[in-house]
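> next come a sequence and a model predicted from it.
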Amino acid sequence: MSLRKLIVNKTMAALAVLFTVFSSVTAFAQETAAATAKPVDMGPVHKSAVFYVLLFLLLCLFIAIIGKALKVYELTQETQGKPEGINWNTVNAVVFALFLLVGLYGVYWEYTVHGSMISHMQEAASEHGKRIDEMFKLTLIITSIVFILTHIVLFAFVYIYRYSNKRKAYYYPHNNTIEKIWTIVPALVLTLLVLKGFLTWRSIFYKAEDPNNRPLSIEVTSSQFLWDIRYPGADAIVGKRNYKLTTAINGLGIDFNDKNSLDDLIADEIVLPVNKPVRFTLASKDVIHSFYMPHFRVQLNTVPGMVSYFEFTPTVTTDEMRTKLNDPKFNYILLCAKICGANHFNMQKNVRVVSEQEYKEWLAAQKPYLTNDLRKAFNLPIPVEAAPAAATEAPADTTATAAKVELDVKNQLALKK
Ligand SMILES: [Cu+2]
């Protein structure tokens, strides 16, 4: 009888705890309701880590209280001669079934809400982009079907075949036919996907050069946190570079002893003629960045110490895309897709795809890389109208790199005088 009394007391205690939690929650809710009348700045509270730690501890405490209350309820049942209590097998099975339903709704939500966010990306604006999109769609369709089916089977089995003392588990150790099916089918599907990926990759990176339609060459160099863009001049070739030639006035280390460098142009944006192949030469001055132009389905790392290439053909001009998307402010962009440092988000450049005629007009308006200071440093003749008197005293022979660096210093000193 005294035990029974104790249990009764425990139940009372559990009820008292539940009542306290309920009343404090209600009181808090009322306080918040009152606060809506007079707005309070909760910003600093929501930003502090302590707030979330406390919230987490409160949640743990809440779960622990519920657990204790249930345990007390079970003990009471037991002492009253009802040994069954809560059927945890059924509870688990129902939670699994709910998890499946919520999960499937999550998949639906992800596809519709986030799926519609890529509307600006719906059409690839390059030739190879269409092939990449096809692969992406095929992979997504196959994996979605497999994902949904396997998860329905997984959770439905847990629910349907939960423990019951009315039936006995069926012993089914091995079946060769099933083993064969679930080995061969995934192997075939994966072979198809990998082969398609391999062929797509080759078609993008191993193009046979067409002598009648040579790609336009553009060099892009990344550094923390900007892009340097170099266009070739009339010769259509960007000149050589050597990192040893890097100085304050020659940030890219361009070798102006190479004749191809002399007419190279500096640009502030990337402008591409439509339907003409373009070959980007990519390099980096400090860390690994990633050359990413999402609308053209172009992405390649720029790696310090090595040069990489990406060749593609833009097929839709900026104006056409603006009409298609019904967005007069639309612009293609170049981004850095590597978290390369604190101001990584700043690495953006405007990209414009225009007609051949517009491209030529734009190119004619770009400034040359070779400034008069650089001409002095490389001992090159300075155009008559701009030549200052001090530039003529540099010695003529400059074949060795060491001599060039020395000369550079000398010239800079001369300029300071
Ligand atoms: Cu970067």
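Here it is on my side, so go on. Residues are numbered from 1 along each chain as shown.
> what's the spacing between Phe56 and Ile63?
11 Å (C-beta to C-beta, to the nearest Å). The way it works is simple: take the backbone N, C-alpha and C, and place the C-beta from them, glycine included.
> Trp362 too?
Relative to Ile63, and taking C-beta to C-beta, Trp362 is found at 64 Å.
> of these two, which one has the most company?
Neighbours per residue (other C-beta atoms under 10 Å) separate Trp362 from Ile63, with Trp362 holding more: 16 against 10.
> can you tell me the helix or strand for the more buried one?
Using DSSP states H and E, Trp362 falls within helix 356-364.
> what comes up buried for that helix?
Within helix 356-364, the residues scored as buried using 16 or more other C-beta atoms under 10 Å are 358-359, 362-363.
> which residues of this protein lie near the ion?
Contact residues, the chain versus the ion (C-beta under 5 Å from the ion): 289, 336, 340, 347.
> just put those residues in TSV and tack on neighbour count.
Below are the residues of the chain next to the ion laid out as TSV (neighbours: other C-beta atoms under 10 Å):
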residue	neighbour count
His289	31
Cys336	25
Cys340	20
Met347	23
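> just to revisit the earlier point, any residues touching the helix holding Trp362, and which ones?
231, 265, 271-274, 276, 354 (C-beta atoms under 8 Å, 6 or more residues apart in numbering).
> one more pass at 7 Å, please.
231, 271, 273 (C-beta atoms under 7 Å, 6 or more residues apart in numbering).
> partners of the second one in the sheet?
In this structure, Val271 has beta-bridge partners Arg352, where bridges are defined by DSSP bridges.
> return the per-residue confidence for it.
Looking at Val271, its pLDDT stands at 94.
> please apply the same query to Asn9.
Per the predicted model, pLDDT is 65 at Asn9.
> same deal with Leu413?
pLDDT, Leu413: 45.
> ranges for the helices of this structure?
Ranges of helices in the chain, per DSSP state H, are 2-37, 43-47, 49-79, 88-109, 115-116, 127-160, 176-205, 318-325, 356-364, 372-377, 401-416.
> burial-wise, tell me which of these comes out on top.
Counting by mean count of other C-beta atoms under 10 Å, helix 372-377 has the highest mean neighbour count of the helices of the chain, with a mean of 20.
> can I get it as PDB, trimmed to CA atoms?
In PDB, the C-alpha atoms belonging to helix 372-377 read as follows (Å, rounded to 0.1, in the frame of the first residue of the first chain):
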ATOM      1  CA  ASN A 372      55.200  54.100 -71.600                       C
ATOM      2  CA  ASP A 373      56.600  53.000 -68.200                       C
ATOM      3  CA  LEU A 374      56.700  49.400 -69.400                       C
ATOM      4  CA  ARG A 375      58.300  50.500 -72.700                       C
ATOM      5  CA  LYS A 376      61.100  52.000 -70.700                       C
ATOM      6  CA  ALA A 377      61.500  48.900 -68.500                       C
END
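> which elements pack onto that helix?
helix 401-416 (3 or more C-beta pairs under 7 Å, 6 or more residues apart in numbering; DSSP states H and E).
> can you list the buried residues of helix 356-364 in CSV and add pLDDT?
Shown next, in CSV, are the buried residues of helix 356-364 (pLDDT from 0 to 100):
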residue, pLDDT
Glu358, 93
Tyr359, 92
Trp362, 91
Leu363, 88
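> between those residues, which is nearest Val158?
Tyr359 (61.8 Å; C-beta to C-beta).
> distance of the closest one from Val298?
18 Å.
> repeat that for Val45.
From Val45 to Val298 the distance is 44 Å (C-beta to C-beta).
> got it, and Ala69?
For Ala69, the distance to Val298 - C-beta to C-beta - is 59 Å.
> equivalent analysis for Ala125, please.
Using C-beta to C-beta, Ala125 is found at 10 Å from Val298.
> who has more neighbours, these two?
Remark: of Ala125 and Val298, Ala125 carries more neighbours, 27 against 24, as counted by other C-beta under 10 Å.
> name the nearest residue to Asp319, ignoring sequence neighbours.
Val354 (8.0 Å; C-beta to C-beta, 6 or more residues apart in numbering).
> quick one, strands of the stretch 251-400 of the chain?
Taking DSSP state E, counting those that start in this stretch as the test, the strands found in the stretch 251-400 of the chain are 265-267, 270-273, 278-284, 289-293, 298-302, 308-312, 332-336, 348-354, 367-368.
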